[in-house]
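Colleague: kindly generate the corresponding structure for this input.
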Amino acid sequence: MGIVYTEITLKNAIDKGMAKSGMLKEHEIRQTTVQAMVDTGAWTLAINEAIREKLGLSIQGKAPATLANGTRAMYKLAGPVEVIWKNRRTSCDALVIPDANETLLGAIPLEAMDLMVHPLAEEVVGAHGEQEMHRL
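Modeller: Residues are numbered from 1 along each chain as shown. From the prediction side, this is the model:
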């Protein structure tokens with residue numbers, strides 16, 4: 001299987017809550033749409049510092065991570081960020097890899113949105129079909 005990319009929209013979840021309560025206008029929610037590399041070996045969403053700044057995400061702490069090149073370090077954890085793929089969404093913290101060239105969509109947000117990589121089609125699909133998820 002090759003490298004799989006998918007389009008996702010990232011929103012500042014705090015801004016979204018403020019808009020819901022009338023403290024911000026909907027168009028003031030900081031957001032961006034990116035082509036993310038799907039990495040089932042990554043545990044969460046990984047963004048670079050430029051995306052963190054654009055979204056205005058707060059630093060929540062630090063977490064250890066090992067990059068694909070073997071580099072092991074502590075990285076900032078920022079969030080909360082809402083991740084949107086088509087008609088599905090979830091919120092999580094993002095690992096901030098300062099000079100990363102790509103956004104990585106890892107296992108936790110994939111699982112939370114009930115998504116998987118279709119090995120033959122080499123694309124992201126709903127793990128249980130394409131219908132919209134309904135949370136209990």
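Colleague: what residues are up against the spatially most central residue of the chain?
Modeller: For the chain, residue 45 is the residue whose C-alpha lies nearest the centre (CA atoms, centre = their mean; 4.2 Å). For residue 45, the contact set (CB atoms under 8 Å, 6 or more residues apart in numbering) comprises 10, 36, 81, 83, 92-95, 103-106, 108-109. Where C-beta positions appear, they are placed from N, C-alpha and C, glycine not excepted.
Colleague: pull the most distant pair out of the residues you listed.
Modeller: Greatest spacing in those, by CB to CB: 36 and 93 (15.7 Å).
Colleague: who has more neighbours, the two?
Modeller: A count of neighbours by other CB atoms under 10 Å puts residue 36 above the other of residue 36 and residue 93, at 24 against 21.
Colleague: doesn't the more buried one lie inside a strand?
Modeller: Yes - assessed by DSSP: H, G, I helix; E, B strand; the rest coil, residue 36 belongs to a strand.
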